[in-house]
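>>> Okay, sequence plus prediction incoming.
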Amino acid sequence: MFEVMDEKPDPAPRWQMALGGLPDLGTALACWLSWQQPEVLGAAWVKLMVITVLAEFFVIHSGGFMATFGNMPASRLGRIGAHLGLASFYFLFIFALAHSLDAPWLYGMFAWLFLSKLLVSWSANRGARLAIREQMIDWPFAVAAYLLSLGAGFIQFESANGGINEQVFVAAGLVDAGLFEDRPWTALAAGSIYFTAMGLYRMRLWRWLNVAA
């Protein structure tokens with residue numbers, strides 16, 4: 001399995017590589033609007049996107065296991081079964097999170113975040129063989145970007161509430177919610193940074209110079 005790490009990928013067209021980052025950029029925009037212009041999407045999206053940033057932790061955590069253990073079986077059926085088994089395992093965490101926060105929509109959001117992670121396997125190269133390679137190089141970057149983004153959110157944006165005033169805070173259902181110690185904008189700032197970084201990274205911009213549009 002790991003011999004694919006030594007192979008040079010045959011890049012996909014630019015439009016296809018760009019597609020790999022669009023879901024993350026869309027999520028980044030939703031985080032930014034919920035933080036700076038909450039009236040655009042509605043106050044409910046403030047809490048929704050804060051929980052989304054939390055849920056992304058489980059998606060990142062699954063990345064390394066999906067790329068390694070999920071691709072270990074020799075047969076395609078075995079790999080599908082391994083991926084489904086791992087997805088079911090992480091779904092239990094999402095179930096507990098959705099139940100505790102009364103957020104049933106989180107199941108759909110979890111699927112969206114998984115799509116954002118898996119789409120790059122198809123979009124970053126021609127064919128399916130090097131999908132493992134794309135997942136393996138994606139995972140450590142996601143870990144570093146997530147931790148650095150959370151740090152930036154807590155340190156640099158602790159008082160930058162943006163458009164989240166007291167009325168929005170109440171309307172979003174954040175009173176006594178305990179999400180990020182009543183400073184949801186720190187999570188939204190972190191999400192804006194993180195998903196933007198992942199979107200640009202998953203476009204594989206460094207491969208664009210030698211690829212036809």
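Thanks, I have the structure now.

>>> what separates Val120 from Ala103, distance-wise?
26 Å (CB to CB, to the nearest Å). For glycine as for every other residue, the C-beta is placed from the backbone atoms N, C-alpha and C.

>>> Pick out whichever of those two has more residues nearby.
Val120 (25 against 17; other CB atoms under 10 Å).

>>> any idea how far that one lies from Trp45?
25 Å.

>>> And the lowest mean pLDDT element among the helices and strands of this structure?
Lowest by mean pLDDT, DSSP states H and E among the helices and strands of the chain is helix 76-100, with a mean of 78.

>>> Name the residues of that helix that are buried.
Neighbour-count burial for helix 76-100 flags Arg79, Ala82, His83, Ala87, Tyr90, Ile94, Leu97, Ala98 (criterion: 16 or more other CB atoms under 10 Å).

>>> Check stretch 140-157 too.
Within stretch 140-157, the residues scored as buried using 16+ other CB under 10 Å are Ala142, Ala145, Tyr146, Ser149, Leu150, Ala152, Gly153, Phe154, Phe157.

>>> Please narrow those residues to those residing in helices.
Using DSSP state H, the members of the buried residues of stretch 140-157 that fall within helices are Ala142, Ala145, Tyr146, Ser149, Leu150, Ala152, Gly153, Phe154.

>>> just curious, which of the residues you listed is nearest to Ala190?
When those are compared for distance to Ala190 (CB to CB), Gly153 wins out at 3.2 Å.

>>> mind checking pLDDT for the closest one?
Model confidence at Gly153, expressed as pLDDT, equals 93.

>>> Was I right to think it contacts Gly162?
No. Assessed by CB atoms under 8 Å, Gly153 is found out of contact with Gly162, at 12.0 Å.

>>> Pull up the overlap in contacts between the two.
Residues touching both Gly153 and Gly162 by CB atoms under 8 Å, 6 or more residues apart in numbering: Leu188.

>>> residues in contact with Ala87?
Taking CB under 8 Å, 6+ apart, we find Ala87 in contact with Ser62, Phe114.

>>> roughly how far apart are it and Gly78?
15 Å.

>>> With Gly173 instead?
44 Å.

>>> circling back: biggest separation within the ones in helices among the buried residues of stretch 140-157, which pair?
Greatest spatial distance in these: Ala142 and Phe154, 18.8 Å, computed using CB to CB.

>>> who's in contact with Asn161?
Arg183, Trp185.

>>> Can you tell me the SS state at it?
When classified by DSSP: H, G, I helix; E, B strand; the rest coil, Asn161 comes out as coil.

>>> for stretch 144-156, the distance to its chain's centre please.
Distance of stretch 144-156 from the chain centroid (CA atoms, centre = their mean, to the nearest Å) equals 14 Å.

>>> Kindly apply the preceding question to stretch 98-110 instead.
How far stretch 98-110 lies from its chain's middle: 16 Å, per CA atoms, centre = their mean.

>>> Residues touching it, excluding its own?
Lys47, Leu48, Ile51, Thr52, Ala55, Phe58, Val59, Phe91, Ile94, Phe95, Leu97, Ala177.
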